[in-house]
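>>> pasting the sequence and the predicted coordinates here, then a few questions.
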Amino acid sequence: MNILILGSGGREHAFTHKLVQSEKVTQIFVAPGNAGTQEIATNITINPTDFEAVKKAVIAHDIEMVIVGPEAPLVNGVHDFFLANDELKNIPVIGPKKDGALLEGSKDFSKEFMFKHGIPTAKYQSFTKDNLQEGKLFLETLTPPYVLKADGLAAGKGVLILDSLDEAKAELEEMVSNQKFGDASSTVVIEEFLKGIELSVFVLTDGISYKILPSAKDYKRIGEGDQGLNTGGMGAISPVPFADKSFLQKVEDLVVKPTILGLQKDGIDYRGFIFIGLMNDNGAPSVVEYNVRMGDPETEVVLPRIASDLFDLFEGVAHQNLHEKEFSVTEKIATTVMLVSGGYPEAYEKGKLISGLKTIKNSIVFHAGTSIKNNTVVTNGGRVIAVTSLAASIEEALELSYKSIDEIHFNKMNYRKDIGFDLVE
Ligand code: AMP
Ligand code: GLY
């Protein structure tokens with residue numbers, strides 16, 4: 001079977017890497033892909049949110065399944081587009097339709113969903129420019145820090161956490177009245193600050209049953225010790241040691257089951273991944289956010305730990321017999337360290353030659369922002385390469401990743417040397 005993966009990051013390279021191992025997969029196409037996917041699959045240079053271009057590629061290459069990496073095509077309705085088209089409607093899309101994608105596409109929708117279905121999450125209220133004054137009064141009833149979230153997609157930048165009440169009021173006004181994040185902040189969710197440690201749990205569902213994939217923790221800040229600006233993610237570890245059996249059981253009972261049932265009750269036929277961002281406050285889980293896709297770089301540690309055939313699981317999602325599918329996870333620990341361009345997450349240069357990738361033996365090299373220029377691999381983004389290793393302990397896995405990184409070079413390469421710092425003694 002020929003399949004198409006939409007996206008171009010480390011997550012999509014990890015999907016490709018895992019799916020080439022399936023005997024049932026004939027050819028993999030990635031749109032637009034990167035230098036890493038080009039080595040093991042075929043890249044198609046189209047924009048995944050250009051649905052007409054996606055349609056052409058699907059027909060030209062006899063694609064029989066589409067796997068959507070990033071949120072934008074889902075929120076824009078790629079799955080609905082397929083269902084509405086006679087030539088495409090029988091081709092399964094792994095990823096929710098627009099109605100389900102609202103779990104990520106609208107913070108207000110996802111908060112309302114959680115309250116309606118009794119899923120633990122921070123208390124909140126939503127405001128627009130029409131009730132800005134009420135929003136300011138609501139802020140006065142909260143204790144700092146204040147959490148302000150743009151309702152819509154804001155490229156991961158739409159959440160502000162502020163210590164000062166005056167600043168929170170001013171930012172609220174900037175967001176709703178002056179469109180600080182464009183349309184995305186016409187509505188703003190203000191919510192209680194949650195204490196605890198963060199982690200993520202990933203679920204794959206066919207709308208009826210589900211598989212809970214390995215948990216992961218990512219390191220979002222650019223600087224060591226979790227300092228500095230937020231990034232897409234500088235590294236990740238799976239499993240999360242503080243997510244023990246009893247905590248994960250609570251997550252399943254209090255969050256996963258009511259989420260799947262809630263989707264069913266609301267008439268949302270959801271086929272794909274649910275990424276649940278959680279706070280663990282002394283053993284009690286609370287949902288920080290839903291995403292309707294896998295995380296990046298979490299995918300680079302979650303997929304290498306899945307022992308079963310991922311394509312078989314996707315067929316289960318497509319045909320709604322996921323419960324019959326075999327699913328197992330290796331006990332090994334996976335760590336990934338992201339190599340980024342100097343300057344990232346602010347301005348950075350592209351096109352730097354990357355050397356040493358071929359000599360890596362003890363880690364898996366996932367390409368994120370790379371491309372091929374004159375037959376050589378060059379940087380093509382802020383996050384460039386994720387170096388994943390598997391071992392019996394976090395320390396050993398990290399040692400493997402850092403040793404591999406010593407072999408890799410590009411001009412102004414930067415990475416965090418302390419991934420996992422909070423999890424190892
Ligand atoms: P989100 O885009 O909703 O994941 O928010 C981005 C980050 O802000 C999260 O990963 C958390 O670190 C933090 N955050 C969001 N909401 C809260 C909250 N209610 N309490 C504490 N931290 C939060
Ligand atoms: N690493 C966080 C995300 O993918 O949203």
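Sure thing, it's come through. Ligands and ions are numbered 1, 2, ... in the order given.

>>> spell out which parts of the stretch 101-250 of the chain neighbour ligand 1.
Counting by Cβ under 6 Å from any ligand atom, the residues of the stretch 101-250 of the chain close to ligand 1 are 122, 147, 149, 159, 191, 193, 194, 198. In this view, the C-beta of every residue, glycine as well, is placed from N, C-alpha and C.

>>> want to throw those into a markdown table with distance to residue 45 and neighbour count?
Below are those laid out as a markdown table (distance: Cβ to Cβ, whole Å; neighbours: other Cβ atoms under 10 Å):
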| residue | distance to residue 45 | neighbour count |
| --- | --- | --- |
| 122 | 42 | 17 |
| 147 | 40 | 20 |
| 149 | 34 | 26 |
| 159 | 33 | 17 |
| 191 | 41 | 20 |
| 193 | 43 | 14 |
| 194 | 42 | 17 |
| 198 | 36 | 14 |
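
>>> okay, these in JSON lines with secondary structure next?
Shown next, in JSON lines, are these (DSSP: H, G, I helix; E, B strand; the rest coil):
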{"residue": "122", "secondary structure": "coil"}
{"residue": "147", "secondary structure": "strand"}
{"residue": "149", "secondary structure": "strand"}
{"residue": "159", "secondary structure": "strand"}
{"residue": "191", "secondary structure": "strand"}
{"residue": "193", "secondary structure": "coil"}
{"residue": "194", "secondary structure": "coil"}
{"residue": "198", "secondary structure": "strand"}
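
>>> turn the residues you listed into a markdown table, columns for pLDDT.
A markdown table is the format used below for those (pLDDT from 0 to 100):
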| residue | pLDDT |
| --- | --- |
| 122 | 95 |
| 147 | 95 |
| 149 | 93 |
| 159 | 91 |
| 191 | 95 |
| 193 | 95 |
| 194 | 94 |
| 198 | 94 |
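
>>> just the strands from the stretch 51-200 of the chain, written as ranges.
63-68, 93-94, 124-127, 146-150, 159-162, 188-191, 197-205 (DSSP state E, counting those that start in this stretch).

>>> what sits up against stretch 20-34?
Residues outside stretch 20-34 that contact it (Cβ atoms under 8 Å, 6 or more residues apart in numbering) are 1-9, 12-13, 16, 19, 37-38, 40-48, 54, 57, 61, 63, 309-312, 315, 367-371, 380.

>>> list the buried residues of that stretch.
Residues of stretch 20-34 classed as buried: 22, 25, 28, 29, 30, 31, 32, 33, 34 (neighbour count, 16 or more other Cβ atoms under 10 Å).

>>> just stretch 36-44 next, same as before
So stretch 36-44, judged by 16+ other Cβ under 10 Å, has buried residues 36, 37, 38, 39, 41, 43, 44.
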